[in-house]
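Undergrad: Task: produce atomic coordinates for the following.
(one chain, ligands or ions: 3)
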Amino acid sequence: MSETQDDFKQAALDYHRQAPAGKIKVTPTKALITQRDLALAYSPGVAAACEAIVADPGEASALTARGNLVGVITNGTAVLGLGDIGPLAGKPVMEGKGVLFQKFAGIDVFDLEIAEKDPDRLVEIIAALEPTFGGINLEDIKAPECFVVERKLRERLKIPVFHDDQHGTAIIVGAALLNALKVVGKRIGEVKLAVSGAGAAGIACLDMVVALGVKPENILVADRDGVLHVDRPDLQPGGGNHGIARYARDTAARSLADIVRGADVFIGVSAGNILGADMVRTMAERPIIFALANPTPEIDPALARQARPDAVIATGRSDHPNQVNNALCFPYIFRGALDVGATAINEEMKLACVQAIAELARREATDLGTAYGGDTPRFGPEYLIPRPFDPRLLVSVAPAVARAAMESGVATRPIEDLDAYRDRLSSWVFRTGLVMKPLFDRARADRKRVVYAEGEEETVLRAVQTVVDEGLAFPILVGRPAVIERRIQRLGLRLKLGREVEVTNIDDDPRFNEYWQLYHQIMQRKGITPAAAKAIVRSRDVVIAALMVRRGEADAMLCGLVGRYVRKLKYVRQILGVESEERGLSALSAVINEKGVTFFTDTHVQVDPSAAQVAESVVQAAFRLKLFGITPKAALISHSNFGSSESASAQKMRDALQILRERAPRLEVEGEMHADIALNEEARQRIFPNSRLSGRANLLAFANLDAANAGYNLVRNVTDGVGLGPILMGLSAAAHVLTPSATVRRVVNMTAIAAVDAQIRAARG
Ligand SMILES: NC(=O)C1=CN([C@@H]2O[C@H](COP(=O)(O)OP(=O)(O)OC[C@H]3O[C@@H](n4cnc5c(N)ncnc54)[C@H](OP(=O)(O)O)[C@@H]3O)[C@@H](O)[C@H]2O)C=CC1
Ligand SMILES: CC(=O)C(=O)O
Ligand SMILES: [Mg+2]
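TA: Numbers count the residues shown, from 1 in each chain. Ligands and ions are numbered 1, 2, ... in the order given. This is a model prediction of the structure:
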């Protein structure tokens, strides 16, 4: 049974109520463990930071959190579409904005709910807070007061002041409108607009669409009192609403129904359920309907669709396609503004933001992570603008805003190298980015041929698009060319088969006879008849990929996106062989999270390795870490701490240490020890001061597969980390078996790892 509205409300209350109450907390960023930390963080050390700021106020952004701190400030007079519910009741929304700032752009927020309706007094209170913040995001302050409050603050303050309901909304509406017009094939200078709501959001959206090219005379607006027409008393000089009189028209239209009739575009930023299906029926052909009131749109999108199957529809909600919501804008526009120390967010920055967001939706989406259950959208009526979890938003929008700030002269800390800035943002978003950089550079320098066994898979095709775009390898796809071609079209990718990407036709490749004969030759003494060899080669993409590597037609292979790990590994091992039967194979996986990168071995292959095999996997893993540019610091993990247990697994790790001392005397490795002791030097010092491991271990070796695999998955999930690997170690060729949970990013990363692996083998000869 689907969730009822009451169930959903209850779930929302439970979500907020769950301890700790609310959605956000303040966390210190520096260690405060020792007496010395205390002396540095607080008196007397803190005085040095104060004096430095007295000498140069600009130092505040280097010595305090100010440069990354935004005030989300409301007086609660227009909270969502709920109206004047007051500042206290508005707090959940402000905390929500804080969460989005932090999650999507790494910006810290203090939410301030101020009990003050008088605009001048509100201005005084907020202006006095300037020393606290790097920027101010005004939120849910009703019109017309919001216009005065924002204007006066902008005049007074030297930090960006941005009323999100005005400009954030206008930016995203502008981007969505540009794209919707492309979808319906209409010209911006010709369309007729009907707008419901002439408040904060409404007026800013109008100013924006006019700036983008809508003709003012093609716009009619209505609010609660009806249409904005030239004879309306409140729009006359001295009338309460004179500030919005520029959108009053000489028209006979008096109702929303009147202005919607014949309109090409409806924009609603007013209140729920005020647009009837009968009104929608009277709109022009292929109408664009943006019903953006929250939480209830001006018209239920299902009703609108029923009335007008040809319509392009958007709402402000996340549970329908096309979420036109300022959440797509404010984290990123502030990121760009803060990073250049902008003194304001000006028109140039807003327009740069519109274009960057609009352009993003028109490019194919590469990897939206798991937030949408693996469904990746393509530009069109149901995907006008990027979705909120799109990791590309930060990387595209913030630099566009930063550049516009610098070019328009409001940046106090200009960024010299925007490419490096983009790389930093990218690393923050993808987190794996920073770790992968040396391997990407190396893969690019000498491109290898990488064959993908599951070449028809969407994840593979999307990854291969990035591999081609970034020049990481020459990809080869195993699959049916017609199917691959169709999927490339459907996914909106740009891959050119036969040119940038080779295909090995699994149904009909001229090399088939040679393939099965080679497989038979390898397996003839393991019970495989010629007929069986033919059948296996014909039906197993992984076998074809491995044979291609074995025959030198590819330098490296990736497989495992479909099916079971052990079965794929069996074929890879049969065909490519291992370097040493005795030492065997092992797998290395990594988690990248806030703490950095931590490697785990053996996460996928040996159920109960011997001491020699544990030692071997550490040696191999240490070599891989160096390829990442990371100095290995290995710890042999156990339930035992430096001889505290006599169990067999503890003894195994002690033996492994002895082997390692002989085999790799220069490797920084210690054991056996608890995982927390491996990660915490202070604790280690206390119990074992003569440790040969310093600092935090970054390579953890485990006594068996259960421990390693569980450790890896626990850390990845509990810390919301990004996974890397499994990197297969000990094979005679460059091949890696992934798991079905691999994302596009993971496949891209593993491509670079496999390619570098192949380079090293080629260099060894
Ligand atoms: N999707 C998004 O990203 C965003 C959506 N919004 C939504 O837009 C709406 C307005 O927000 P905001 O501009 O900040 O608020 P304001 O209070 O500043 O403005 C509200 C406007 O809507 C009009 N209005 C209210 N009720 C009705 C009604 N029943 N019929 C016709 N017009 C009505 C008001 O008219 P009057 O002045 O005559 O009362 C006023 O013009 C809210 O629902 C909000 O959730 C806002 C920002 C972003
Ligand atoms: C989204 C938003 O800011 C609003 O509805 O008010
Ligand atoms: Mg709002």
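
Undergrad: Do you know the pLDDT at the residue nearest the centre of the chain?
TA: Taking C-alpha atoms, centre = their mean as the criterion, P391 is the residue nearest the geometric centre of the chain, at 2.7 Å. In this model, P391 is scored at 78, pLDDT.

Undergrad: Surely it touches V429?
TA: Yes - if you go by C-beta atoms under 8 Å, P391 and V429 touch, sitting 4.5 Å apart. In this view, the C-beta of every residue, glycine as well, is placed from N, C-alpha and C.

Undergrad: ok and the residue in this structure nearest ligand 1?
TA: Of all residues in the chain, G199 sits closest to ligand 1, at 1.7 Å by C-beta to the nearest ligand atom.

Undergrad: Need the phi and psi values for L558.
TA: Backbone torsions for L558, taken as degrees, to the nearest 10, come to phi -130, psi 140.

Undergrad: wait, isn't it in contact with V748?
TA: No - counting by C-beta under 8 Å, L558 does not reach V748; the two are 10.4 Å apart.

Undergrad: coming back round to it: in space, what's closest to the residue of the chain closest to ligand 1 - neighbours in sequence excluded?
TA: Among residues not flanking G199 along the chain, A143 sits closest, at 3.8 Å (C-beta to C-beta, 6 or more residues apart in numbering).

Undergrad: That neighbour: what secondary structure?
TA: At A143 the chain is in coil, as set by DSSP: H, G, I helix; E, B strand; the rest coil.

Undergrad: which parts of the stretch 1-150 of the chain sit against ligand 2?
TA: 80, 140 (C-beta under 6 Å from any ligand atom).

Undergrad: rerun at 5 Å
TA: By C-beta under 5 Å from any ligand atom, the part of the stretch 1-150 of the chain that sits against ligand 2 consists of L80.

Undergrad: okay, and for the stretch 1-150 of the chain, where does confidence drop off?
TA: For the stretch 1-150 of the chain, the stretches with pLDDT under 70 are 1-3.

Undergrad: where do the strands sit along the stretch 201-350 of the chain?
TA: 219-223, 226-227, 265-268, 288-291, 312-315 (DSSP state E, counting those that start in this stretch).

Undergrad: quick one: which of those strands is nearest V149?
TA: For those, the distance to V149 is smallest for strand 219-223, at 19.6 Å, taking C-beta to C-beta.

Undergrad: helices and strands around that closest one, which ones?
TA: strand 193-196, helix 200-212, helix 256-260 (3 or more C-beta pairs under 8 Å, 6 or more residues apart in numbering; DSSP states H and E).

Undergrad: Please dump the ones you listed into CSV; it should also carry mean neighbour count for every row.
TA: CSV is the format used below for the helices and strands packed on strand 219-223 (neighbours: other C-beta atoms under 10 Å):
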stretch, mean neighbour count
strand 193-196, 26
helix 200-212, 24
helix 256-260, 23
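
Undergrad: Of all those, which one is nearest G563?
TA: Evaluated with C-beta to C-beta, the helices and strands packed on strand 219-223 place helix 200-212 nearest to G563, the distance being 49.6 Å.

Undergrad: Check which helices and strands that closest one is in contact with.
TA: Using 3+ C-beta pairs under 8 Å, 6+ apart: helix 200-212 touches helix 145-156, helix 169-184, strand 193-196, strand 219-223, strand 265-268, helix 347-362.

Undergrad: For F110, give me the backbone phi and psi.
TA: Per-residue torsions, F110: phi -100, psi 130 (degrees, to the nearest 10).

Undergrad: Then H736?
TA: According to degrees, to the nearest 10, H736 has phi -140, psi 140.

Undergrad: again with the one 5 residues further on
TA: Recorded main-chain torsions at S741 are phi -80, psi 0, according to degrees, to the nearest 10.
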